[in-house]
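Visitor: below: sequence and its predicted model.
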Amino acid sequence: MLNEARNLLNQYFGYPDFRSGQTEIIENILHKKNTLGILPTGGGKSICFQIPALLFNGTTIVISPLISLMKDQVDALTASDIPATFINSSLTQKELQERIFNIRQGAYKLVYVAPERFVSDYFIDLLNSIPIPLIAFDEAHCISQWGHDFRPSYRSIVASLKKLNQNPIIVALTATATANVANDIRQLLQIDPSDSFKNGFARENLSFNIIKGANKRDFILTYINQHPKDSGIIYTSSRKEADGLYNYLSVQGFSVAKYHAGLSELERKNAQEQFVYDEKPIMIATNAFGMGIDKSNVRFIIHYNLPKNLEAYYQEAGRAGRDGEESECFLLFSQQDIQLQKFLIEQSTFDPEIREQDYNKLNQMVMYCHTEECLQSYIIRYFDPDESEMKCEKCSNCKDTRERVDITREAQMIFSCCKRMGERFGTTLIAQVLKGSSQKRIRELGFNQLSTYGLLRSQTEKEIVDTINYLLTEDFLQLTDGKYPVVRLTEKCVPVLKGETTVWMKKSKSTVKETKEREESQELFEILRVLRKNIATEEQVPPFVIFSDATLKEMCRYFPIDEASMLQIKGVGQSKFAKYGQAFIDEIIEFVSNHNIKGEEIPFSTKPIEEGIKQPSDDKPSHVISFEMFHDGVSIDEISKKRKLSKITIQNHIIRCAEEGYEIKWHEIFDETIESRIIDITTEIQSDKLKPIWEALNGEVDYFVIQAVLCKNKISLEVQS
């Protein structure tokens with residue numbers, strides 16, 4: 001029968017023989033045994049039930065969680081002259097009735113269905129009216145409460161199977177099953193351990209890369225410019241970021257599609273087809289929604305944000321290179337993404353056990369970003385701890401040329417500090433104590449009296465945190481689960497403390513800093529926190545979405561008072577600067593002016609502070625000077641150059657003068673067509689906030705123009721009233 005299976009494989013799919021791992025799974029199914037198959041993404045899981053379906057009499061039922069994946073597979077089967085169809089919510093009532101009629105007539109060898117169908121007694125009656133030799137659970141990890149994408153509807157199928165008047169063979173297939181998940185699947189579907197087959201998790205044609213601290217949009221822009229003919233997927237953690245990145249790349253002239261749950265069914269369908277048929281080579285999608293697009297020539301996967309766990313990451317990254325060709329996977333790591341994932345965990349469940357499990361998985365994901373082990377090896381050993389460490393020779397860690405440095409002394413200081421702090425605090429506070437920070441909380445807790453206080457004063461806080469994270473990945477330290485994880489010592493650190501073991505870590509060659517890093521101004525930090533809270537309340541978002549604490553602290557350390565210096569602050573990109581930057585600059589200017597902070601104390605500033613602050617000797621306010629130059633016909637760009645102020649500052653000066661009653665030449669900023677368009681959009685979306693209007697205009701109109709139109713019409717209304 002296996003020879004007949006090979007003949008069908010060649011006849012319908014054009015392959016002379018099965019891939020590694022497929023033969024054992026298919027042979028076991030043909031012996032009519034319930035089977036669990038674990039194959040890497042792109043390893044040919046679908047063949048494992050499609051070939052037996054052709055050999056068996058009757059109709060095979062395939063349970064799939066993703067509408068898009070059903071369509072892809074049915075299209076592929078139909079193109080190979082294999083009769084197949086799907087039943088899901090995308091069908092009209094007429095289409096549904098036609099397909100049910102054909103199912104009763106035995107017209108299909110495979111029928112793909114959504115798991116929710118099994119709660120319907122009508123659907124169970126339909127299954128009982130036809131011969132079913134095989135039921136395949138695709139993406140079987142969805143059935144397990146330990147899986148990264150647990151779906152209760154999948155688990156409820158188990159009870160529904162007992163209503164069948166026949167006993168079909170069960171096959172469960174997945175690419176991402178840890179030991180716990182595999183055991184759960186076997187128990188639920190009555191699969192014997194001896195009928196489980198695992199063909200490893202390695203994807204030898206993929207290179208994995210962690211990118212830290214880069215400007216994410218700049219990285220993406222550079223990469224896709226360097227790979228103009230390649231097709232790829234960029235995953236984001238939210239619809240908002242997907243829309244923003246889509247608008248950004250579209251404006252840059254790239255052919256991109258987007259796919260997330262906020263789009264209509266028709267919009268998602270069109271986006272999927274544009275991507276699959278290479279009309280739009282780049283897809284931007286939310287990883288929370290999941291695409292399930294089966295496209296073989298995806299050459300790159302970029303994760304714009306940190307995924308929630310390694311299972312989700314590996315499944316999404318595995319969509320690259322399904323054709324076996326060399327492909328690349330990038331994870332753009334940012335510390336702020338951890339807070340976003342914690343926020344999503346808190347919002348997703350109230351079950352403390354599941355929440356703790358999710359935090360544990362998130363910690364493992366973060367450790368992946370800090371390990372020095374081969375990234376492919378780290379992933380493989382996460383799924384199968386019995387696997388030995390390997391080197392792929394192509395990931396960013398294997399190609400890392402930094403020198404290995406003896407950090408034993410630093411490690412001892414970190415271990416000692418953690419112990420003296422009672423093993424009750426997280427990485428940030430430990431790093432701050434070692435740095436010798438004068439923050440109020442450290443003084444209140446008495447940690448400024450510890451013998452370890454300030455031992456690593458010569459390093460930046462970020463460098464200390466990086467070292468702690470490395471020690472966590474190497475199991476010298478461990479992180480508790482939960483929203484506020486605590487660092488604790490492990491047995492592995494004992495020989496280090498005794499001087500019996502040396503600890504090595506890769507570091508870039510750098511000279512020792514001669515001056516210590518500035519401590520942030522706590523007073524300014526509180527001022528900026530209040531400003532951030534007010535903006536967040538107005539926009540109805542969490543404060544950290546505006547700027548993180550780390551970003552505010554850096555502002556309080558370097559006092560950016562113009563656009564150039566503000567954009568050097570980590571966490572401040574062009575988009576956020578356009579929306580919030582000037583408000584923060586205004587507060588900082590007032591603060592440094594009141595406290596007589598000198599220009600040379602501001603290392604990030606590109607000009608002396610006096611140029612950005614109005615001096616008492618000035619005859620006119622700064623914004624009036626800018627307005628008068630604009631009124632005299634000087635362009636905004638020229639005013640910016642002459643006054644050594646940013647364009648945004650000049651634009652704000654003009655708007656301020658308009659609000660104060662100065663006569664503005666509006667026609668030099670916008671024409672009647674643009675004005676009408678902005679007013680129409682404002683009325684349509686019932687909002688006068690800049691960002692929603694900018695997004696509704698697809699990013700085609702500058703923020704300043706929108707602000708000017710709103711300002712003019714507000715003034716007009718006030719005059720009329």
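Guide: Now that the structure is in, tell me what you want to look at.

Visitor: just for the stretch 601-721 of the chain, where's the confidence low?
Guide: Under the criterion pLDDT under 70, the flagged ranges of the stretch 601-721 of the chain are 601-621, 646, 715-721.

Visitor: Val503: how many residues sit nearby?
Guide: Val503 has 22 neighbours, counted by other CB atoms under 10 Å. All C-beta atoms are positioned from the backbone trio N, CA, C, and that covers glycine.

Visitor: got the contact list for it?
Guide: Listed by CB atoms under 8 Å, 6 or more residues apart in numbering, the contact set of Val503 reads 406-408, 411, 471, 474, 476, 496.

Visitor: give me the phi and psi for it.
Guide: Here the main-chain torsion angles of Val503 (degrees, to the nearest 10) amount to phi -110, psi 130.

Visitor: okay, it and Arg409: tell me how far apart.
Guide: Val503 sits 9 Å away from Arg409, taking CB to CB, to the nearest Å as the criterion.

Visitor: Leu126 versus Glu204, what's the distance?
Guide: Noted for Glu204: a distance of 43 Å to Leu126, by CB to CB.

Visitor: meant to ask about Lys576
Guide: Lys576 sits 53 Å away from Leu126, taking CB to CB as the criterion.

Visitor: tell me which helix or strand Phe350 sits in.
Guide: Phe350 is part of no helix or strand when elements are defined by DSSP states H and E.

Visitor: if we can go back for a sec, higher neighbour count, Glu204 and Leu126?
Guide: Leu126 (16 against 13).

Visitor: wait, a helix at the more buried one?
Guide: Yes - counting by DSSP: H, G, I helix; E, B strand; the rest coil, Leu126 is found in a helix.

Visitor: surely it and Ile100 touch.
Guide: Yes - the pair formed by Leu126 and Ile100 meets the contact definition of CB atoms under 8 Å, at 6.3 Å.

Visitor: point out where this protein drops to low pLDDT.
Guide: 42, 146-149, 213, 288-294, 508-520, 575, 596-621, 646, 715-721.

Visitor: for the residue nearest to the spatial centre of it, phi and psi?
Guide: In the chain, the residue lying closest to the centroid (CA atoms, centre = their mean) is Asn305, at 2.5 Å. Note on Asn305: backbone dihedrals following degrees, to the nearest 10 are phi -130, psi 160.

Visitor: any idea how far it is from Ser231?
Guide: Relative to Ser231, Asn305 is positioned 21 Å away (CB to CB).

Visitor: next: Thr501.
Guide: From Thr501 over to Ser231 the distance is 48 Å, taken as CB to CB.

Visitor: before we move on, the earlier item: out of the contacts of Val503, which is most surrounded?
Guide: Neighbour counts for the contacts of Val503, by other CB under 10 Å, peak at Leu471, which reaches 28 neighbours.

Visitor: name the nearest residue to that residue, sequence neighbours excluded.
Guide: Distance criterion CB to CB, 6 or more residues apart in numbering; nearest residue to Leu471, sequence neighbours excluded, is Leu477 at 4.8 Å.

Visitor: what is the burial count for the one you found?
Guide: The number of residues packed near Leu477 is 24, by other CB under 10 Å.

Visitor: who's in contact with it?
Guide: 414-415, 418, 468, 471, 487-490, 493.

Visitor: ok, of those, which come out buried?
Guide: Buried residues within these, defined by neighbour count using 16 or more other CB atoms under 10 Å: 414-415, 418, 468, 471, 487, 489, 493.

Visitor: dump these to CSV, plus secondary structure and distance to Glu672.
Guide: Conversion of these to CSV gives the following (DSSP: H, G, I helix; E, B strand; the rest coil; distance: CB to CB, whole Å):
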residue, secondary structure, distance to Glu672
Ile414, helix, 65
Phe415, helix, 69
Cys418, helix, 66
Ile468, helix, 59
Leu471, helix, 64
Val487, strand, 62
Leu489, strand, 70
Cys493, helix, 71
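
Visitor: out of those residues, who's nearest Ile681?
Guide: Checking these against Ile681 with CB to CB, the nearest one is Ile468 at 48.3 Å.

Visitor: what distance do you get for the nearest residue to the closest one once chain neighbours are set aside to Thr480?
Guide: Excluding its sequence neighbours, the residue lying closest to Ile468 (CB to CB, 6+ apart) is Thr427, at 4.7 Å. Here Thr427 is placed at a distance of 12 Å from Thr480 (CB to CB).

Visitor: neighbour count winner among the two?
Guide: Taking other CB under 10 Å, Thr427 and Thr480 do not tie; Thr427 has more neighbours (22 against 16).

Visitor: wait, that one touches Tyr470, no?
Guide: No - the pair Thr427 and Tyr470 fails to qualify as a contact (CB under 8 Å) at a distance of 10.9 Å.

Visitor: so what's the residue count around Ile51?
Guide: Counted with other CB under 10 Å, Ile51 comes out at 24.

Visitor: got the contact list for the closest residue to it other than its chain neighbours?
Guide: Distances taken as CB to CB, 6+ apart place Ala5 nearest to Ile51, at 5.1 Å, with adjacent residues excluded. With contacts defined as CB under 8 Å, 6+ apart, the neighbours of Ala5 are 18, 26, 30, 51-52, 55.

Visitor: moving C-terminal of the helix or strand Ala5 falls within, what's the next helix or strand?
Guide: Using DSSP H and E, Ala5 sits within helix 2-8. Counting by DSSP H and E, the next helix or strand C-terminal to helix 2-8 is helix 22-30.

Visitor: can you give me how far that following helix is from the chain middle?
Guide: What separates the centre of helix 22-30 from the centre of its chain is 37 Å, taken as CA atoms, centre = their mean, to the nearest Å.

Visitor: give me the contacts around it.
Guide: Helix 22-30 has contacts (CB under 8 Å, 6+ apart) with 1-2, 5, 18, 35, 37, 39, 43-44, 47-49, 51-52, 55, 134, 169, 171, 173, 195, 197.

Visitor: show me which of these are buried.
Guide: Here, 16+ other CB under 10 Å leaves 5, 18, 35, 37, 39, 43-44, 47-49, 51-52, 55, 134, 169, 171, 173, 195, 197 buried among these.

Visitor: and those residues, which of them are in helices?
Guide: For these, membership in helices holds for 5, 47-49, 51-52, 55, with DSSP state H as the criterion.

Visitor: which of these lies closest to Thr92?
Guide: The shortest approach to Thr92 among those belongs to Phe49, at 27.9 Å (CB to CB).

Visitor: how about that closest one, nearest residue that isn't a chain neighbour?
Guide: The shortest distance from Phe49 to any residue that is not its chain neighbour, by CB to CB, 6+ apart, is 3.8 Å, and that residue is Ala136.

Visitor: ok, Phe670 touching Ile706?
Guide: No - applying CB under 8 Å, one finds Phe670 not in contact with Ile706, separated by 9.1 Å.

Visitor: the two: which is more packed in?
Guide: Counted by other CB under 10 Å, Phe670 and Ile706 do not tie: Ile706 has more neighbours, with 22 against 19.

Visitor: quick revisit: mind listing the shared neighbours of Phe670 and Ile706?
Guide: Taking CB under 8 Å, 6+ apart as the criterion, Phe670 and Ile706 both touch Ile678.

Visitor: more neighbours, Thr501 and Ser231?
Guide: Ser231 (20 against 14).

Visitor: let me see the contact set for the residue lying closest to the more buried one once chain neighbours are set aside.
Guide: In space, not counting the residues next to it along the chain, Ser231 is nearest to Pro281; the distance is 4.3 Å by CB to CB, 6+ apart. With CB under 8 Å, 6+ apart as the criterion, the residues that contact Pro281 are 229-232, 255, 275.

Visitor: what is the one helix or strand Phe219 maps to packed up against?
Guide: Counting by DSSP H and E, the element that carries Phe219 is helix 216-226. Judged by 3 or more CB pairs under 8 Å, 6 or more residues apart in numbering; DSSP states H and E, helix 216-226 is in contact with helix 239-251, strand 298-303, strand 327-333.

Visitor: could I get those in CSV, plus columns for distance to Ile678 and mean neighbour count?
Guide: Putting the helices and strands packed on helix 216-226 into CSV (distance: least, CB to CB, whole Å; neighbours: other CB atoms under 10 Å) gives the following:
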stretch, distance to Ile678, mean neighbour count
helix 239-251, 16, 19
strand 298-303, 33, 23
strand 327-333, 33, 23
